[in-house]
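Asks: Here is my input; please provide its structure:
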Amino acid sequence: MPIYFLQVGGAVWTIFLFFFVFAVPAVIIGITLFVLLTRNKKNRAVWGNVARSLNFNMPQPKQLQMFGEMGGSKINVAIRVERSYTGEHTRVKFFTYCTSEFRHPLRFLLDISTVKSYVPGSSTFKIGQANFDKAFDAKCYDANVLSRLLLSDFPSDKTQNLFGDLMWAKQTAGTIRVTDKSVYIERSGQVSDENALRQMIEVTAHLSKRFEAARKSFPLTDWETNLINSWKKFADQNSLVFNADYFQIQGIFRGAPVFVELETGDGKWQTEIKLKFPQNLAIGFKLMPENSVHKALTYLGVQDIEAGIKQFDDLFIVKANNVEAAKWKLQPDLCTKLIAINNNASTIAIDDSEFSVVYNSVLGDPQILKETLDAISSASGMLIR
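Replies: The predicted structure follows:
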């Protein structure tokens, strides 16, 4: 074979390899980017039209996110991205979701979801409606309360009760979840149809309004009535204001604004107490519970402010812009009080303006509630001195 043919053949083969190794993937990537950019531009236009028609706000016009109010419910719509990894390959999936936060918790330990739970030992209740029980997992602090909530005659322009509302919503929504704090609806992909997007928002707003209205009309149980009497007594004794509709106490306690509320979280009853400092610390102070993630970061060299008291330093993360001022505030008597408060609390958080404590229980006894507030108030006084 002539030498020049081998040379030409080698050059052709080199060009061939270059084309398939570099040029073809580049073309594919370019086409993919062009398609994505074109689709995103179209989606943004659709979302912009819906936002304008509903008087919603899109804070970043180039991002698919909007928020606003419908029927008294505050709505947030955005895109969620889910990534999964298989070997060297990454798979990306998009979901459009819409949420509405309740103005006040429903206080049912409620968790109704179309995402079926397969966790061993997870307890869900049946309401005796085959279609619902097959489609939804439902949790509540009491099976009878759940049935009464969903099946009681409670007509609207859509259905006769909350059971009907949820079945109606499921006709168009991929995922539905209603908890004590919010309504969440999700559909697969980036919703780019104006009618479908508007429908998601309307369904979310409808469910939110219905569950809030049901909570207001739902009869109180004996334990709720007892708690109302107990907290009202405490409020009267300490010149505070008690809101029986929302189980809230607020006012001035020991010279500082306080707020107490019955909450739910992680499937538990919670009492949340917040105390606002009369004056801002103004040092960028942050105190929060220690956790396993932070311990790993500390092992890698991330340092925090330490008080020099091992039990305190093991329990809490402390950060501040003014390190010296923060160290000065972490006197042994304050650290001892914070350790004592933490012994009964689920979580503690302190910043420049507020001391927040959550207890995984109902602090119903007036004396216990007063002792708890006294301890928090005393520790706060040490911080702002």
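
Asks: tell me the SS of Trp269?
Replies: strand (DSSP: H, G, I helix; E, B strand; the rest coil).

Asks: Also Met288?
Replies: Quick answer, by three-state DSSP: Met288 is strand.

Asks: got a list of what it touches?
Replies: By C-beta atoms under 8 Å, 6 or more residues apart in numbering, the contact list for Met288 reads Phe316, Ile317, Thr347, Ile348, Ala349, Ile350. (Glycine included, C-beta is placed from N, CA and C.)

Asks: And those, which is closest to Leu281?
Replies: Taking C-beta to C-beta as the measure, Leu281 lies nearest Ile350 of these, at 8.9 Å.

Asks: Tell me who's in contact with the closest one.
Replies: Counting by C-beta under 8 Å, 6+ apart, Ile350 makes contact with Phe285, Lys286, Leu287, Met288, Ser356, Leu383.

Asks: hmm, which two among the residues you listed are most spread apart?
Replies: Within the contacts of Ile350, two members stand farthest from each other by C-beta to C-beta: Met288 and Leu383, at 14.6 Å.

Asks: how about the contacts of Met288 in CSV, adding pLDDT?
Replies: Converted to CSV, those look like this (pLDDT from 0 to 100):
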residue, pLDDT
Phe316, 92
Ile317, 91
Thr347, 93
Ile348, 94
Ala349, 94
Ile350, 95
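
Asks: Which PyMOL command selects the buried ones in those residues?
Replies: The buried subset of those, as determined by 16 or more other C-beta atoms under 10 Å, is captured in PyMOL by this line:
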select buried, resi 316+317+348+350
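
Asks: which of the contacts of Met288 lies closest to Gln60?
Replies: Ala349 (28.8 Å).

Asks: So what pairs up with that closest one in the strands?
Replies: Under the criterion DSSP bridges, Ala349 forms beta bridges with Ser356.

Asks: Would you mind measuring from it to Gly284?
Replies: Using C-beta to C-beta, to the nearest Å, Ala349 is found at 14 Å from Gly284.

Asks: Specify the local secondary structure of the closest residue to Leu240 other than its chain neighbours.
Replies: In space, and not counting its chain neighbours, Leu240 is closest to Gly251: 3.7 Å by C-beta to C-beta, 6 or more residues apart in numbering. With three-state DSSP as the basis, the three-state label of Gly251 is strand.

Asks: Please shift the residue numbers so they start at 200 in all later answers.
Replies: Done: numbering now begins at 200, and the last item shifts to Gly450.

Asks: Next up, the contacts around Gly450.
Replies: Ala434, Asn437, Ser438, Leu439, Val440, Pro456, Val457 are the contacts of Gly450 under C-beta under 8 Å, 6+ apart.

Asks: switch to 7 Å and redo it
Replies: By C-beta atoms under 7 Å, 6 or more residues apart in numbering, Gly450 lies in contact with Ser438, Leu439, Val440, Val457.

Asks: Could you tell me how many residues sit around the third one?
Replies: Residue neighbour count, defined by other C-beta atoms under 10 Å, stands at 11 for Val440.

Asks: Need phi/psi at it.
Replies: phi -110, psi 130 (degrees, to the nearest 10).

Asks: Quick check: the gap between it and Ser387.
Replies: For Val440, the distance to Ser387 - C-beta to C-beta - is 46 Å.

Asks: Likewise for the second one?
Replies: Taking C-beta to C-beta as the measure, Leu439 and Ser387 are separated by 48 Å.

Asks: The two: which is more packed in?
Replies: Leu439 (19 against 12).

Asks: does that one really touch Gln447, like I thought?
Replies: No - using C-beta atoms under 7 Å, Leu439 makes no contact with Gln447, being 10.0 Å away.

Asks: I'd say Ala506 and Asp512 touch.
Replies: Yes - in terms of C-beta under 7 Å, Ala506 counts as a neighbour of Asp512; the distance is 6.0 Å.

Asks: for stretch 251-264, which positions count as buried?
Replies: Leu253, Phe255, Met257, Leu263.
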